[in-house]
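Q: Pasting the sequence and the predicted coordinates here, then a few questions.
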Amino acid sequence: MKLVTHNVLTSKCLKGVTTGYPLTITATSIKVIQVDFNPEFITRVIPKLNWDVLWTAADSIGHSDGLPKTLDNCEQNEENLKKIHRILLEIEIEEGHLTCPETGRQFPITKGIPNMLLTEAEVQ
């Protein structure tokens, strides 16, 4: 699972959950995959991100080094765009789980795919 995906996932469909965001990441296996740098894509996706959630997620898996804490003028700095590209597209959580901040319900990540399926009893 890439962190760009994590940035939009929520457990809001769980019974009793009002926000369900952001999910906490516990990673047991992470891999880095080289992806061609595309500054146009990164500058288009930046406004759609919750930056604080992305930075915290990157930090929780040990990959926040050099990543700007804020987005001030990041679009004009190619070095920062490359760091954002790396954290969004090259870091992949292979195994672990996501945890709902309100209920503690854990969703497994297996082979890079988060399993967000709920049982019938869990659905609102």
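A: Cool, the structure landed.

Q: And the top helix by length along the chain, what's buried?
A: The longest helix of the chain (DSSP state H) is helix 51-60. By 16 or more other Cβ atoms under 10 Å, the buried positions in helix 51-60 come out as 51, 53-55, 57-58. Glycine gets a C-beta too; all of them are placed from N, C-alpha and C.

Q: Same list, the residues you listed, but as JSON lines with distance to Ile33 and pLDDT please.
A: Formatted as JSON lines, those follow (distance: Cβ to Cβ, whole Å; pLDDT from 0 to 100):
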{"residue": "Trp51", "distance to Ile33": "23", "pLDDT": "96"}
{"residue": "Val53", "distance to Ile33": "22", "pLDDT": "97"}
{"residue": "Leu54", "distance to Ile33": "18", "pLDDT": "97"}
{"residue": "Trp55", "distance to Ile33": "21", "pLDDT": "96"}
{"residue": "Ala57", "distance to Ile33": "17", "pLDDT": "97"}
{"residue": "Ala58", "distance to Ile33": "16", "pLDDT": "97"}
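
Q: And these, which is closest to Gln76?
A: Minimum distance to Gln76 across those is 16.0 Å, recorded for Trp51 (Cβ to Cβ).
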